[in-house]
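Participant: what would the 3D arrangement of this be:
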Amino acid sequence: MSEAPERVRSQGGESRRGNGMKRRDLPVMDICLVVVCVIMLVFTTVMIVIYCRYGAIPDTLVISVFGVLGGECGFLAMIRTAKERNRDRKNELEDRAYMEKQEEKWREDTNRYGGDPQ
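Facilitator: Prediction:
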């Protein structure tokens with residue numbers, strides 16, 4: 001039997017297959033938001049039809065569905081915020097290391113040439 005090509009993660013959100021082909025990873029959060037919107041639209045439409053037909057809607061079901069979908073969006077927002085915070089922290093550390101390296105280089109130049117290197 002043939003084996004499936006091994007997938008190796010590379011930087012930039014792409015994955016490579018064993019045969020060298022690249023493919024873009026799907027943005028899971030965006031898909032989740034689209035699914036939530038579609039469910040909300042379908043649910044609202046069904047509730048309008050039920051109200052037109054029977055004159056009432058199941059309030060407990062409406063509250064539950066809106067609560068669950070709202071909670072899902074809240075969790076997605078928390079995940080995105082945490083990712084941004086970690087990315088900002090990583091960038092800050094990289095910037096700090098770069099600035100320290102530049103400062104050290106400036107000190108070496110100052111000591112070598114005996115004054116302001118400019």
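
Participant: tell me what the longest helix anywhere in the chain is packed against?
Facilitator: Of all the elements of type helix in the chain, the one with the most residues (DSSP state H) is helix 59-113. Using 3 or more CB pairs under 8 Å, 6 or more residues apart in numbering; DSSP states H and E as the contact criterion, the neighbours of helix 59-113 among helices and strands are helix 28-54. The way it works is simple: take the backbone N, C-alpha and C, and place the C-beta from them, glycine included.

Participant: the helix it packs on versus helix 59-113: what angle between them?
Facilitator: Counting by axes from the mean of the first three to the mean of the last three CA atoms, to 10 degrees, helix 28-54 lies at 160 degrees to helix 59-113.

Participant: OK, contacts around the spatially most central residue of the chain?
Facilitator: Central residue check for the chain by CA atoms, centre = their mean: the C-alpha nearest the mean position is that of Arg80, 5.0 Å away. Arg80 makes contact with Met29, according to CB atoms under 8 Å, 6 or more residues apart in numbering.

Participant: now what about stretch 57-75, what contacts it?
Facilitator: Residues outside stretch 57-75 that contact it (CB under 8 Å, 6+ apart): Cys32, Leu33, Val36, Ile39, Met40, Phe43, Met47, Ile50, Tyr51.

Participant: go with 10 Å
Facilitator: Residues external to stretch 57-75 that are found in contact with it (CB atoms under 10 Å, 6 or more residues apart in numbering): 32-33, 35-37, 39-40, 43-44, 46-51.

Participant: which among those end up buried?
Facilitator: Val36 (16 or more other CB atoms under 10 Å).

Participant: of the contacts of stretch 57-75, which pair is most distant in space?
Facilitator: Set against one another by CB to CB, the contacts of stretch 57-75 have their most distant pair in Cys32 and Tyr51, with a gap of 28.2 Å.
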